[in-house]
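Novice: Let me see the structure of the following:
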Amino acid sequence: MSDRICSSMSLMMQNVEDTLYDMAKTEKSRTKASQYFDAVRIIRLKKYEMQVRFKNRFLSIYQYRVRSFIKNQYLADITFSKVGHHSFTKEKNSPEGKALENTVEKVNVDCQSALLNLDKRICNLLDDVDVSYLGNPLRPEPIFEAFWESCRDVDFKPEIRLLLVNLFERYVGLELKYVYEDLNTYIANQVDISIYPVA
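Specialist: Numbers count the residues shown, from 1 in each chain. Sure thing, here's the model as predicted:
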């Protein structure tokens, strides 16, 4: 899962430079064109670092959520909120923060069937624990939080940040549906548990 997500992130970073360069070449405003060229230079300098930070942050958040999930599973007498907190919600009033939050919601809707099936499979694997209640650590939120963390401290203008959010949705968000479907298939093939797909 992590390899496919990181590969999608890498593909995005390969294309964002060309996208910004084309925008700079066609932009009539010299000020905006200059901003796009500045962003191209920053991407060239920072894209490898951003990819490494994304992977490290994603794995860190994922491992934390898994540990929290397992811990909460064995504390049934305590009322739990869903595991996970998005760092980007602190800046959700910014255009790019709102865009990222909306993207997470969109991906959850687009992947709803696959995620429900995945929740059911994990629920059965873990002795009927309520996965949706505890917060499935494989859901999209840690992926988008990792992306936000990977570029939050890079000196991008808000417009460039918004572009990155849109490209992340295009390259990574769209891939998640297939990742979840493949995870369902993998678990079904590895474990002798009969779970019917969601209609």
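
Novice: need the helix or strand of the chain with the lowest average pLDDT.
Specialist: helix 131-134 (a mean of 56; mean pLDDT, DSSP states H and E).

Novice: For whatever helix or strand comes next after that helix, which helices and strands make contact with it?
Specialist: Once the chain leaves helix 131-134, the next helix or strand it forms, by DSSP states H and E, is helix 141-152. Contact partners of helix 141-152 among helices and strands, from 3 or more Cβ pairs under 8 Å, 6 or more residues apart in numbering; DSSP states H and E: helix 30-73, helix 95-110, helix 158-168. C-beta coordinates here come from the backbone N, C-alpha and C atoms, glycine included.

Novice: most tightly surrounded among those helices?
Specialist: The highest mean neighbour count among the helices and strands packed on helix 141-152, using mean count of other Cβ atoms under 10 Å, belongs to helix 158-168: a mean of 20.

Novice: mind saving the C-alpha coords of whichever helix or strand comes after that one as PDB?
Specialist: Using DSSP H and E, the helix or strand that follows helix 158-168 in sequence is helix 174-190. C-alpha atoms of helix 174-190 as PDB (Å, rounded to 0.1, in the frame of the first residue of the first chain):
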ATOM      1  CA  LEU A 174      -7.800   8.800  -7.500                       C
ATOM      2  CA  GLU A 175      -5.400   5.900  -7.000                       C
ATOM      3  CA  LEU A 176      -6.700   5.200  -3.500                       C
ATOM      4  CA  LYS A 177      -9.900   3.500  -4.700                       C
ATOM      5  CA  TYR A 178      -7.900   0.900  -6.500                       C
ATOM      6  CA  VAL A 179      -5.600   0.500  -3.600                       C
ATOM      7  CA  TYR A 180      -8.500  -0.200  -1.300                       C
ATOM      8  CA  GLU A 181     -10.100  -2.600  -3.800                       C
ATOM      9  CA  ASP A 182      -6.800  -4.500  -4.100                       C
ATOM     10  CA  LEU A 183      -6.500  -4.600  -0.300                       C
ATOM     11  CA  ASN A 184      -9.900  -6.200  -0.100                       C
ATOM     12  CA  THR A 185      -9.000  -8.800  -2.600                       C
ATOM     13  CA  TYR A 186      -5.700  -9.500  -0.900                       C
ATOM     14  CA  ILE A 187      -7.300 -10.000   2.500                       C
ATOM     15  CA  ALA A 188     -10.100 -12.200   1.000                       C
ATOM     16  CA  ASN A 189      -7.500 -14.400  -0.700                       C
ATOM     17  CA  GLN A 190      -5.300 -14.700   2.400                       C
END
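
Novice: Fine by me, thanks again.
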